[in-house]
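# Take a look and give me a structure for this.
(2 chains)
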Amino acid sequence: MLNIALPKGRLGDKVYELFASIGYDCSEIYSDNRKLVFENKENGVRYLLVKPSDVAIYIAHGAADIGVVGKDILEEGNFDIYELLDLNLGKCNMCVAAPNDYIEDFDRPLRVATKFVNIAKNYYISLNREIEIIKLNGSIEIAPILGLSDVIVDIVESGKTLQENNLRVYEKIMPISARLIANKSSYKFKNEDIDNLMQKLKKVLAE
Amino acid sequence: MKEFLATMSKEDSLTYELSRLYKQWGYKEYRMAKFEEYSFYSDNRDFLSSSSILAFNNSDGRLMALKPDITLSIVKNAKLTDALTKLYYNESVFRMTESSNDFKEIKQTGVEVLGKVDNYLAAEVLSLAAKSLAAIDGSFILSVSHMAFIPSLLAEMKIGENAKREIITCIKGKNSHDLKTICDKCGVDEKQTELLVKLAKVNGKLVQTLPELSALASNDEMKKACAELEFIADSLNKSDIADKLYLDLSVLNNTEYYNGIIFQGYVEKAPKAVLSGGRYDKLANKIRDNTQAIGFAVYLDNLNLYYRKEREFDSDILIVADSKNSNVSLLSLVESFIEKGFSVRVEHTVPEGYKAKTVYTFENGALREVASC
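Predicted coordinates for the structure are as follows:
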């Protein structure tokens, strides 16, 4: 039995459809209830629906064998897992965004508001730029408007939210997409099952 | 003895079983103090899995550390002779945990050999590592790698240390999609990138996968390493552990300290590696002149979580004796049960959730059997 952790929400739905299309379906998942665990014994799969930021934690602790998670979460945390495949789903970019009229002042440390503290720190360390991090948990776009920060580091998908808040992409840090990850021990002991799934995924992704 | 071991926790019974195994192979137990001078660890901080060290001042003002690692201390302090120094240990290390960001005492057992390391010795240590895993769980996998492959190829590449670190992270995570992107970004030669990707993907049973690795060996160092791995595979071919040895070049250790064969052990119920080791001549030579070394550590912490022993009964007999009914004959009664081989607990009342095969009450100097709990 393969335990698969999926992120609840839009990305999880897309990924489930992808998995179902290669023979790992579990029709119960469509039933309108509050269950978070769905099993299809015939296909040998059990899906766990968890908070996107928790997928990698479930995998690292062996509560699930494989899972799908955004690269942003992998980069932000430090998880002892295998990252097996880029699913090319949920594509977006991790960016530095700033007000439309922003001009960077190199005389003083940069104030950066973000949910992704480690990504922001590592990015500015690579530029040898002194920063002051302001950790926020949501509505990051407000920070520069209210003068709380100079810039923000956040995920940008279409750029519409930025536009509506008079912000623009100032620098691109890295591309983000959904990744297939595996617990290290599960990958060894369930290698055949995981490898089978990977080969099928690769095939369907290449089409 | 087996019955006795069955009553112990996984961690405790393993400590006993592994000590017996290492003794049978001629290894001597090495005991050490809990503290060492802080400067010794801070000088070798890169070798430690966590950079935080629990330090304190002793009575004469010297800064001391609670041991964050055993190998370093053995390499520094063990007495060396012309013969091999073959040691095993059961010790605690004090490390910062990632999850709680706090220090934790971690029980470790392991084997270290100092002296001239030859192919036989590497095979012996690998075999002991496999037997240690088998003692935890018959369902285990020992992933074997060699520092002559990916690290030596990385050393040939004319790229910066940051890029190398990124490449190593990708390889350790079996992430070949980002590996190619990073190599392209850093301007790594196409042929080298191709070889690196192929080496990173080498993964399979040791005996069956060795020919694939030999075909990829592109320099003398790699060819020598293939011969070393072949010797080990041939030495262990007839043993029952041969089937559990896998070649996996994504296993990588710090190049500053390790050289030669390296390995990591997994058991089915634990989500992380429970054993890690390899040849570390480079570390040994930093501390002692002309010394070669090989060894491994078994991480016993958390094994109790994954291998919980469900016992049917807490003890064979529970005697409920109210303090008011104290009688001088009770102790000799308990002793008579113990002499017969029963486990006995005497209580004032039945403890919550307690399970005993037989429950007695003790009143007026006599036992009376009541329904078991």
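# Which residue, other than its chain neighbours, is closest to B:Asp69?
Distance criterion C-beta to C-beta, 6 or more residues apart in numbering or on different chains; nearest residue to B:Asp69, sequence neighbours excluded, is B:Leu48 at 5.4 Å. C-betas here are computed from N, CA, C, even on glycine.
# How about A:Leu36?
Of all residues not flanking A:Leu36 in the chain, A:Leu49 sits nearest, at 4.8 Å (C-beta to C-beta, 6+ apart).
# can you pull the contacts of the one you found?
Taking C-beta atoms under 8 Å, 6 or more residues apart in numbering or on different chains, we find A:Leu49 in contact with A:Leu6, A:Pro7, A:Lys8, A:Gly12, A:Leu36, A:Val37, A:Phe38.
# Output the residues you listed as CSV; include the columns distance to B:Asp322, secondary structure and pLDDT.
Shown next, in CSV, are these (distance: C-beta to C-beta, whole Å; DSSP: H, G, I helix; E, B strand; the rest coil; pLDDT from 0 to 100):
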residue, distance to B:Asp322, secondary structure, pLDDT
A:Leu6, 58, strand, 93
A:Pro7, 59, strand, 93
A:Lys8, 56, coil, 90
A:Gly12, 60, helix, 88
A:Leu36, 49, coil, 84
A:Val37, 49, strand, 85
A:Phe38, 54, strand, 87
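# In terms of pLDDT, where does the residue in chain B that chain A sits nearest to sit?
Here the residue of chain B nearest chain A is B:Pro271; by C-beta to the nearest C-beta that distance is 2.7 Å. Note for B:Pro271: predicted pLDDT of 94.
# give me the element it is part of.
Take DSSP states H and E as the rule and B:Pro271 turns out to sit in neither a helix nor a strand.
# Touching, it and A:Gly62? I think so.
Yes - using C-beta atoms under 8 Å, B:Pro271 is in contact with A:Gly62, at 2.7 Å.
# Determine the residues that are contacts of both of those two.
A:Asn183, A:Ser185, A:Ser186.
# Contact partners for the first one?
With contact set as C-beta under 8 Å, 6+ apart, A:Asn183 has these partners: A:Ile59, A:Ala60, A:Gly62, A:Ala64, A:Asp65, A:Ile66, A:Ile81, A:Tyr82, B:Pro271.
# which of the residues you listed count as buried?
When the contacts of A:Asn183 are checked for burial by 16 or more other C-beta atoms under 10 Å in any protein chain shown, the buried set is A:Ile59, A:Ala60, A:Gly62, A:Ala64, A:Asp65, A:Ile66, A:Ile81, A:Tyr82, B:Pro271.
# who are the neighbours in contact with residue 189?
Let's take chain A. B:Ser139, B:Ile141, B:Tyr266, B:Glu268.
# wrong one, I was asking about chain B
Neighbours of B:Asp189 in contact, by C-beta under 8 Å, 6+ apart: B:Met157.
# what separates it from B:Ile167, distance-wise?
Taking C-beta to C-beta, to the nearest Å as the criterion, B:Asp189 is separated from B:Ile167 by 13 Å.
# could you point out the longest helix in chain A?
helix A:191-206 (DSSP state H).
# Go through the helices and strands of chain A and name the one with the lowest mean pLDDT.
strand A:37-40 (a mean of 86; mean pLDDT, DSSP states H and E).
# Parallel or antiparallel, which strands does that strand pair with?
strand A:45-50 (antiparallel) (DSSP bridges).
# quick check: mean pLDDT across the partner strand?
In the prediction, strand A:45-50 has an average pLDDT of 92.
# I figured B:Val359 hits B:Arg368, correct?
No - taking contacts as C-beta under 8 Å, B:Val359 lies outside contact range of B:Arg368: 9.8 Å.
# neighbour count winner among those two?
B:Val359 (19 against 11; other C-beta atoms under 10 Å in any protein chain shown).
# how about that one, what does it touch?
By C-beta under 8 Å, 6+ apart, the neighbours of B:Val359 are B:Ile317, B:Leu318, B:Ile319, B:Val320, B:Val350, B:Glu369, B:Val370, B:Ala371, B:Ser372, B:Cys373.
# how about B:Leu121, what does it touch?
B:Leu84, B:Val113, B:Ile294.
# For the helix or strand hosting the second one, name the packing helices and strands.
In other words, B:Val113. According to DSSP H and E, B:Val113 maps onto strand B:103-115. Using 3 or more C-beta pairs under 8 Å, 6 or more residues apart in numbering or on different chains; DSSP states H and E, the elements in contact with strand B:103-115 are helix B:10-24, helix B:71-77, strand B:85-96, helix B:119-136, strand B:292-299.
# how about the ones you listed in JSON lines, adding distance to A:Val96?
Shown next, in JSON lines, are these (distance: least, C-beta to C-beta, whole Å):
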{"stretch": "helix B:10-24", "distance to A:Val96": "48"}
{"stretch": "helix B:71-77", "distance to A:Val96": "42"}
{"stretch": "strand B:85-96", "distance to A:Val96": "31"}
{"stretch": "helix B:119-136", "distance to A:Val96": "47"}
{"stretch": "strand B:292-299", "distance to A:Val96": "40"}
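# now the ones you listed in a markdown table, with mean pLDDT and distance to B:Phe35?
Converted to a markdown table, the helices and strands packed on strand B:103-115 look like this (pLDDT from 0 to 100; distance: least, C-beta to C-beta, whole Å):
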| stretch | mean pLDDT | distance to B:Phe35 |
| --- | --- | --- |
| helix B:10-24 | 91 | 22 |
| helix B:71-77 | 89 | 10 |
| strand B:85-96 | 91 | 10 |
| helix B:119-136 | 96 | 27 |
| strand B:292-299 | 95 | 19 |
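# tell me the most buried of the ones you listed?
Highest mean neighbour count among these (mean count of other C-beta atoms under 10 Å in any protein chain shown): strand B:292-299, with a mean of 23.
# in its sheet, what does that one sit against?
Applying DSSP bridges, one finds strand B:292-299 paired with strand B:103-115 (antiparallel), strand B:275-279 (antiparallel).
# quick check: angle from the longest one to helix B:10-24?
Same thing as strand B:103-115. Per axes from the mean of the first three to the mean of the last three C-alpha atoms, to 10 degrees, the angle that strand B:103-115 makes with helix B:10-24 is 10 degrees.
# Please save the CA atoms from stretch A:48-57 in CSV.
Output of stretch A:48-57 as CSV, limited to C-alpha atoms (Å, rounded to 0.1, in the frame of the first residue of the first chain):
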residue,chain,number,x,y,z
LEU,A,48,-4.0,11.7,2.8
LEU,A,49,-5.2,15.3,2.3
VAL,A,50,-3.1,17.6,4.4
LYS,A,51,-2.3,21.3,4.6
PRO,A,52,0.2,22.1,1.8
SER,A,53,2.9,23.3,4.1
ASP,A,54,2.6,20.0,6.1
VAL,A,55,3.1,17.6,3.2
ALA,A,56,6.9,17.5,3.5
ILE,A,57,6.6,17.0,7.3
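# distance between it and the chain's centre?
In this view, stretch A:48-57 has its centroid 10 Å away from the chain centroid, taken as C-alpha atoms, centre = their mean, to the nearest Å.
# which parts of that stretch are buried?
Buried, per 16+ other C-beta under 10 Å, within stretch A:48-57: A:Leu48, A:Leu49, A:Val50, A:Pro52, A:Asp54, A:Val55, A:Ala56, A:Ile57.
# ditto for stretch A:103-120
A:Leu110, A:Arg111, A:Val112, A:Ala113, A:Thr114, A:Lys115, A:Phe116, A:Ile119, A:Ala120.
# The second one should be in a helix, yeah?
Think A:Arg111. No - judged by DSSP: H, G, I helix; E, B strand; the rest coil, A:Arg111 forms no part of a helix; its state is strand.
# Helix or strand: which one has the closest residue in space to it that isn't next to it in sequence?
Counting by C-beta to C-beta, 6+ apart, A:Ser149 is the residue found nearest to A:Arg111 once chain neighbours are left out, at 4.3 Å. Following DSSP H and E, there is no helix or strand that holds A:Ser149.
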